[in-house]
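Peer 1: coordinates only, sequence not included:
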């Protein structure tokens, strides 16, 4: 089973590929992770802070995920919350290529 925090960090990395993780992207991810994992606000905020302190690459984050399809769907959903930027779309496409989709 994947680490929930790793799943969230990959989503944040994709959303942040345009240089910013917007409030609407954060809220979308919180709703998703709260619904699927009963992730509370403090756990979520702690993971977001860890993401911003991390220097892990997209590839490193992706390598820690096993349910690629679901997590990438969530990442896309969150990235679309404020309009899917071309850089976010490129990050998604790179992930799809790395996992062979």
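Peer 2: Noted; the coordinates are in hand. It should be emphasised that the depicted structure is a prediction, and the values quoted were computed from it without experimental measurement. Numbering: from 1, shown residues only.
Peer 1: Any stretches of this structure with poor pLDDT?
Peer 2: Residue ranges of the chain with pLDDT under 70: 1-2.
Peer 1: how about 50 then?
Peer 2: 1 (pLDDT under 50).
Peer 1: residue ranges for the helices of it, please.
Peer 2: Under the criterion DSSP state H, the chain contains helices at 4-15, 23-37, 41-53, 58-63, 68-79, 86-98.
Peer 1: Pick the most deeply packed of those helices.
Peer 2: helix 4-15 (a mean of 24; mean count of other Cβ atoms under 10 Å). Glycine gets a C-beta too; all of them are placed from N, C-alpha and C.
Peer 1: Show me what it is packed against.
Peer 2: helix 23-37, helix 41-53, helix 58-63, helix 68-79, helix 86-98 (3 or more Cβ pairs under 8 Å, 6 or more residues apart in numbering; DSSP states H and E).
Peer 1: what's the third one packed up against?
Peer 2: Here helix 58-63 is seen to pack against helix 4-15, helix 86-98 when contacts are counted using 3+ Cβ pairs under 8 Å, 6+ apart.
Peer 1: Could you dump these into CSV and include distance to residue 33?
Peer 2: Below are the helices and strands packed on helix 58-63 laid out as CSV (distance: least, Cβ to Cβ, whole Å):
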stretch, distance to residue 33
helix 4-15, 6
helix 86-98, 18
